[in-house]
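In: I would like to see how this sequence folds:
(2 chains)
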There are 2 protein chains.
Amino acid sequence: MTQAPTLPAYPQGYLSLAKNIGIKDDTLDFTVVYSTARAAAAGVFTQSLFCGAPVIVGREHLADGHLQAVVVNSKNANVATGKQGVDNSREITRLVARELGVAAEDVLPSSTGVIGQQLPIERFRAAMAGLRDQLKPEELGAAAQAIMTTDTRPKARARRVGPAVLAGMAKGSGMIEPNMATMLSFLFTDAAIPPDTLQPMLRQAVDQSFNMVSVDTDTSTSDTVVIMANGLAGEVDLDAFQTALDEMCIELAKEVARDGEGATKLLEVAVTSARDDQQAKRVAKAIVNSPLMKTAVHGADPNWGRVAMAVGKCEEETDIRPENVTMSFGDTCVYAKGEPLGADLAQLESYLEGTDIRILVDLGLHTGQATVWGCDLTEEYVRINALYTT
Amino acid sequence: MTQAPTLPAYPQGYLSLAKNIGIKDDTLDFTVVYSTARAAAAGVFTQSLFCGAPVIVGREHLADGHLQAVVVNSKNANVATGKQGVDNSREITRLVARELGVAAEDVLPSSTGVIGQQLPIERFRAAMAGLRDQLKPEELGAAAQAIMTTDTRPKARARRVGPAVLAGMAKGSGMIEPNMATMLSFLFTDAAIPPDTLQPMLRQAVDQSFNMVSVDTDTSTSDTVVIMANGLAGEVDLDAFQTALDEMCIELAKEVARDGEGATKLLEVAVTSARDDQQAKRVAKAIVNSPLMKTAVHGADPNWGRVAMAVGKCEEETDIRPENVTMSFGDTCVYAKGEPLGADLAQLESYLEGTDIRILVDLGLHTGQATVWGCDLTEEYVRINALYTT
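Out: Purely as a prediction, here's the structure:
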């Protein structure tokens, strides 16, 4: 198993544990993060029509803008599990709340893993004894490990913002095409920020980070990003905090893309001079999600025509015309204003053999822009997902 | 090489040739189909914003509703090739027209293959000598071979409609997500049907066949379906002809899906009880295109939760609710009206080990329905496309 990461700083007042409770195998599959002070909290969730039971319960528990703990399991998503699934999620929050001496409504549940199977609720019940004594400070790295599914490495970050610390973790590797929300990410700070301020700050950060990532166009039923702010470090400069939050979310989002199932490369696609930012995002997503683009990047095949194909399939963007479009790989322009430039394919191939690939498309229309992140499509992605449950 | 297929019947007055002119390797890469009588014609083309040069020229040449020949090459799509590409396509129609003694405007050009490289026009010029003498009747099977790219087998059909014969061929294996049009398909009949009648008949057939197929969500820049009707067999019952056309297009479309790049299985997804047919199609496409669904089918993994995920990601269909949804694999219902049914996973796995997989989703709303076809996602798809040009 990967070593639990050590963070450069920890926010005050957050205790956590990570352990195995035997949901599927003997790896870490259960974590609780607890704040000694009741915290302001904000969250964004999946827009999936088949959202998971924990998302239903989590939305309810976040409604008042406060949380004191999150409880997360991996290996089972508790999705498409009907009424029993929702009952199980509620019971888990009650069990944790009783152990910690907090209100069940201040506990956010989250689950990730296979869809369509009931949680082994008896294992959660058995896991509760002594929970409070197992909580320790500076263990968020292990928590980041416990929320992994097909991730190959934990994703965690921390940075100081004035007197406070912002720490964050994320998981996500497949079923990644967040739309209005994301995979799982939990952020913790000891800054004092009220819920009404925290929610739009989180939304802004998510919109330019997790919502710009795609591994496989498959929107998760469990996407959840939650931030807790317990106030123990006092007030902070909100602009500085927003910058820290934005940058951390982008770093975590890029980590998710780079660790996409089977991925060997991070693919960054920037679209500029679009009609507006939304158009830029749609075109960038079409490129980063194209299986033919992703396989070409994987094979370092200098088949730049596939970028043209991917732009071309945005059929509703009728103001896009080849004669205005310019396409580049890294610093090499391959097509400008309707004409191919006869780029050196050997040089292009050499660029594509790197692990960080950047594709730039200028639509030549107006000032809209967007940057999105994804990864290559590999035989390993197929292997991982052809035999996930069996 | 696969043997050229023999058709059970041939329409009168169509002569063709298929040969290698050395565009990329030594396999068949060039075909001309010529009608001895000028024919009524109809066509539908890709909606790609980066449509190929032959699509631009072909649309012009079809504008008057008549054609006398089609000239098709594989191995190079003549797309994103700027002004030179369009000039090359025009020159090819002029060269063929001169050899055949017809008007250049009655020749439809079509190209399929790599994007972003200029056609080797000198090879086309060299191929023209003696063209007329090389044309032979009953050679449409070889023409179906010559239009192949990554297809593993030619796709051709023929059937009688009263006194006439309808013959059709298609190619397509990757970059398959037709939208308003399709991959390449050419249909030939000796029935007498005027252009104004032929166009809506073709549109109807395409909408329920080629437009319902997806291999990889990547819309081709070259999609073209053209039908020629030279009238040599006289008039036919139009309802019978429409039925024949619909059924032939569906057969060819399913062949395209079954022969999707790297595919080992045909995946049919039927969505019923939708708000309307368009909603049914959107949801069916979301399922048939989901990489996680396609890999599960490939691995015969009874991971039915991925169907729930794929329905769930249709976030704009806000009237879809889990409590109304029913999902089945073949005859096995796995989820009904919001509750999982505890299906026998071993039995489901056994079903998924077949080569023809059918998934049925009932949305429980109204009477809309759609059936779409796709294929599994395999390691071979990645291998084929990671090294396509190199």
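In: Is A:Asp246 inside a helix or a strand, and which specific one?
Out: helix A:238-258 (DSSP states H and E).
In: for the helix or strand hosting A:Val288, which positions count as buried?
Out: A:Val288 belongs to helix A:277-289 when elements are defined using DSSP H and E. If you call a residue buried by 16 or more other CB atoms under 10 Å in any protein chain shown, then helix A:277-289 has these buried ones: A:Gln279, A:Ala280, A:Lys281, A:Val283, A:Ala284, A:Lys285, A:Ala286, A:Ile287, A:Val288, A:Asn289. Quick note: C-beta positions are derived from backbone N, CA and C, even for glycine.
In: In a markdown table: those residues, plus distance to B:Asp87.
Out: Putting those into a markdown table (distance: CB to CB, whole Å) gives the following:
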| residue | distance to B:Asp87 |
| --- | --- |
| A:Gln279 | 31 |
| A:Ala280 | 33 |
| A:Lys281 | 36 |
| A:Val283 | 28 |
| A:Ala284 | 32 |
| A:Lys285 | 34 |
| A:Ala286 | 29 |
| A:Ile287 | 28 |
| A:Val288 | 34 |
| A:Asn289 | 34 |
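In: check the residues you listed against chain B, which are close?
Out: A:Asn289 (CB under 8 Å from any CB of the partner chain).
In: Using a markdown table, please lay out the buried residues of helix A:277-289 together with pLDDT.
Out: Converted to a markdown table, the buried residues of helix A:277-289 look like this (pLDDT from 0 to 100):
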| residue | pLDDT |
| --- | --- |
| A:Gln279 | 96 |
| A:Ala280 | 96 |
| A:Lys281 | 93 |
| A:Val283 | 95 |
| A:Ala284 | 95 |
| A:Lys285 | 92 |
| A:Ala286 | 92 |
| A:Ile287 | 95 |
| A:Val288 | 94 |
| A:Asn289 | 91 |
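In: Chain B: which of the buried residues of helix A:277-289 is nearest?
Out: A:Asn289 (7.5 Å; CB to the nearest CB).
In: Return the residues in contact with that closest one.
Out: Residues near A:Asn289 by CB atoms under 8 Å, 6 or more residues apart in numbering or on different chains: A:Glu177, A:Ser214, A:Asp216, A:Thr217, A:Gly374, B:Thr217.
In: repeat that with 6 Å
Out: Contact analysis of A:Asn289 by CB atoms under 6 Å, 6 or more residues apart in numbering or on different chains lists A:Ser214, A:Thr217.
In: Ok, A:Pro8 next?
Out: A:Ala158 are the contacts of A:Pro8 under CB under 6 Å, 6+ apart.
In: Compute the distance between it and A:Glu138, please.
Out: Distance, A:Pro8 to A:Glu138, using CB to CB, to the nearest Å: 11 Å.
In: backbone phi and psi for A:Ile115, please?
Out: phi -100, psi 140 (degrees, to the nearest 10).
In: for chain B, what are the nearby residues on the stretch 151-300 of chain A?
Out: Residues of the stretch 151-300 of chain A that fall close to chain B, judged by CB under 6 Å from any CB of the partner chain: A:Asn179, A:Asp216, A:Asp218, A:Thr219, A:Thr221, A:Ser290, A:Pro291, A:Leu292, A:Thr295, A:His298, A:Gly299.
In: Point out the ones among these that are inside strands.
Out: Counted as lying in strands by DSSP state E, out of those, is not a single one.
In: Take these and keep only those in helices.
Out: A:Pro291, A:Leu292, A:Thr295, A:His298 (DSSP state H).
In: Point me to the residue of the stretch 1-150 of chain A nearest chain B.
Out: For the stretch 1-150 of chain A, CB to the nearest CB, closest residue to chain B: A:Ile115, 2.5 Å.
In: Is the closest residue to A:Asn230 other than its chain neighbours part of a helix or strand, or is it coil?
Out: Counting by CB to CB, 6 or more residues apart in numbering or on different chains, A:Asn230 lies nearest to A:Ala39, which is 3.9 Å off, once chain neighbours are set aside. Using DSSP: H, G, I helix; E, B strand; the rest coil, the secondary structure recorded for A:Ala39 is strand.
In: Tell me the pLDDT of A:Ala39.
Out: For A:Ala39, the pLDDT comes out at 94.
In: same thing with A:Thr390?
Out: pLDDT, A:Thr390: 57.
In: so who does the closest residue to A:Asp376 other than its chain neighbours touch?
Out: Closest residue to A:Asp376 apart from its sequence neighbours, by CB to CB, 6+ apart: A:His298 at 3.7 Å. Applying CB under 6 Å, 6+ apart to A:His298 gives the contacts A:Asp376, A:Leu377, A:Thr378, B:Ala386.
In: shouldn't the last one be in contact with A:Ala300?
Out: Looking back up the chat, that one is B:Ala386. No - taking contacts as CB atoms under 6 Å, B:Ala386 lies outside contact range of A:Ala300: 8.2 Å.
In: quick one on the thing from earlier: tell me which residues of the helix holding A:Asp246 come out buried.
Out: Result for helix A:238-258 [16+ other CB under 10 Å]: buried residues A:241-242, A:244-246, A:248-258.
In: Which of those sits closest to B:Phe188?
Out: Closest to B:Phe188 out of the buried residues of helix A:238-258 is A:Ala257 (48.0 Å), distances taken as CB to CB.
In: Now that closest one: closest residue in space, sequence neighbours ignored.
Out: A:Trp373 (4.0 Å).
In: Per-residue pLDDT of A:Thr152, please?
Out: Value listed for A:Thr152 in the pLDDT field: 84.
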